[in-house]
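*Asks:* please work out how this folds:
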Amino acid sequence: MQTKTALLFAGQGAQYVGMGKDLFEQFPTARDYFHRADEALGFNLTAICHSGPEAELTRTEHCQPAIFLVSWIALQLLKERAPNLTFQATAGLSLGELTALTAGGAIDFADGLRISRQRGRFMQEACDLTRGGMAAVLGLDVETTRAVCDEAGVEIANLNCPGQIVISGESDKIARAVELAKSKGSKRAVALPVAGAYHSRLMTSAQPKVRALMAGIHVRKPAVMVISNVTAEPHGEPDEIRARLADQVISPVRWEDSVRYLLAQGFTQFIEVGPGAALSGFLKRIDKTAQSLNVADAPSLEMTAKALSI
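*Replies:* The predicted structure is shown next:
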């Protein structure tokens, strides 16, 4: 019986200065895509990815197209190095959902790159309008974390895996929520170094902008199953995809539920594509028996290509 394989794509926070540089240096396909992105965007995203400075890379309007681009390049190189690769589903964390839709054939690369840039700009504008923040809460269940959020006046933003939830809201309320979480037994509750309160009502000004952007994008029904962050179930028709991407900006990322949906459908092999390896870590917390590979740089590309050829 064929192994069912799902590709997983990283979201904002996975970036690091130097990402994609060794791929650029070693593979013509990588160089081509970096050059295409620079030309399409009208600025040197390649230099920001490879050399920073970190403050520039972490700016939302740079970070989102950077992660999208490096993830896309990693996938194209994996296809070259492992020509027998087949996958039956894709999923991505927050921004990574856009890469997942592009990999799944719903959106063209050029449009995906443009959406990632504009989405980043819209979210940065929302950050600038509000004083928001986020925090990771470790070791509490969902019900207790939700009670903390209700008391502090903040929201759940990411349900990543058992024992790891991210909350989002006004900075002063996040500080209060961190103390409340600790008082209720959180092993660790810590504010995150982010520009604003993603996946919360503080992103409301970005939502209609994303909706208007998506109205002008050609979207197809995906060729493979692509899981929605909002519903933790497969995307459907093009209009639904457009609506879900706008909703996603202010909705919690149901990552654990998304992975559990794939597991329930019989998926046993997961390949994390793009910078970092956080999603592989989440996967192990959700199901220790699931097989995970990743492609983040040249060494991991070779290891994964080799593993897939066995």
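
*Asks:* now stretch 101-110: average pLDDT?
*Replies:* Averaging pLDDT along stretch 101-110 yields 98.

*Asks:* where's the nearest residue to Ser300 once chain neighbours are set aside, which helix or strand?
*Replies:* Computed as CB to CB, 6 or more residues apart in numbering, the closest residue to Ser300 that is not its neighbour in sequence is Asn294, at 5.4 Å. (Each C-beta comes from the backbone N, C-alpha and C, glycine too.) Here Asn294 sits within strand 291-295, counting by DSSP states H and E.

*Asks:* what lines up beside that strand in the sheet?
*Replies:* strand 269-273 (parallel) (DSSP bridges).

*Asks:* which other residues reach the partner strand?
*Replies:* Contact with strand 269-273 is made by 3-10, 71, 74-75, 78, 87, 99, 103, 259, 262, 279-280, 283, 290-296, 304, as judged by CB atoms under 8 Å, 6 or more residues apart in numbering.

*Asks:* then stretch 36-52?
*Replies:* Under CB under 8 Å, 6+ apart, the answer for stretch 36-52 is 17-21, 24, 34-35, 56-57, 62, 65-66, 69-70, 110, 113-114, 117.

*Asks:* go with 10 Å
*Replies:* Residues from elsewhere that reach stretch 36-52 (CB atoms under 10 Å, 6 or more residues apart in numbering): 15-22, 24-25, 30-31, 33-35, 54, 56-59, 61-63, 65-70, 72-73, 109-110, 113-114, 116-117, 275.

*Asks:* and the strand or helix carrying Asp128, what does it pack onto?
*Replies:* Secondary-structure assignment from DSSP H and E places Asp128 in helix 109-129. On a contact count with 3 or more CB pairs under 10 Å, 6 or more residues apart in numbering; DSSP states H and E, helix 109-129 meets helix 28-41, helix 60-81, helix 96-103, helix 207-215, helix 238-248.

*Asks:* check which residues of it are buried.
*Replies:* Using 16 or more other CB atoms under 10 Å as the test for burial, helix 109-129 gives 109, 111-127.

*Asks:* and it, how far from the chain's centre?
*Replies:* Chain-centre distance of helix 109-129: 13 Å, with CA atoms, centre = their mean, to the nearest Å.

*Asks:* export only the CA atoms of it, formatted as CSV.
*Replies:* Extracted in CSV, the C-alpha atoms of helix 109-129 (Å, rounded to 0.1, in the frame of the first residue of the first chain):
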residue,chain,number,x,y,z
PHE,A,109,3.7,31.0,-7.9
ALA,A,110,3.7,34.7,-9.1
ASP,A,111,0.3,35.3,-7.5
GLY,A,112,1.4,33.5,-4.3
LEU,A,113,4.5,35.7,-4.0
ARG,A,114,2.4,38.9,-4.6
ILE,A,115,-0.2,37.8,-2.0
SER,A,116,2.5,37.1,0.6
ARG,A,117,4.0,40.5,0.1
GLN,A,118,0.6,42.4,0.2
ARG,A,119,-0.7,40.3,3.1
GLY,A,120,2.5,41.1,5.0
ARG,A,121,2.0,44.8,4.3
PHE,A,122,-1.6,44.8,5.4
MET,A,123,-0.7,43.0,8.6
GLN,A,124,2.2,45.4,9.3
GLU,A,125,-0.3,48.3,8.8
ALA,A,126,-2.6,46.7,11.3
CYS,A,127,0.3,46.2,13.7
ASP,A,128,1.2,49.9,13.4
LEU,A,129,-2.4,50.9,14.2
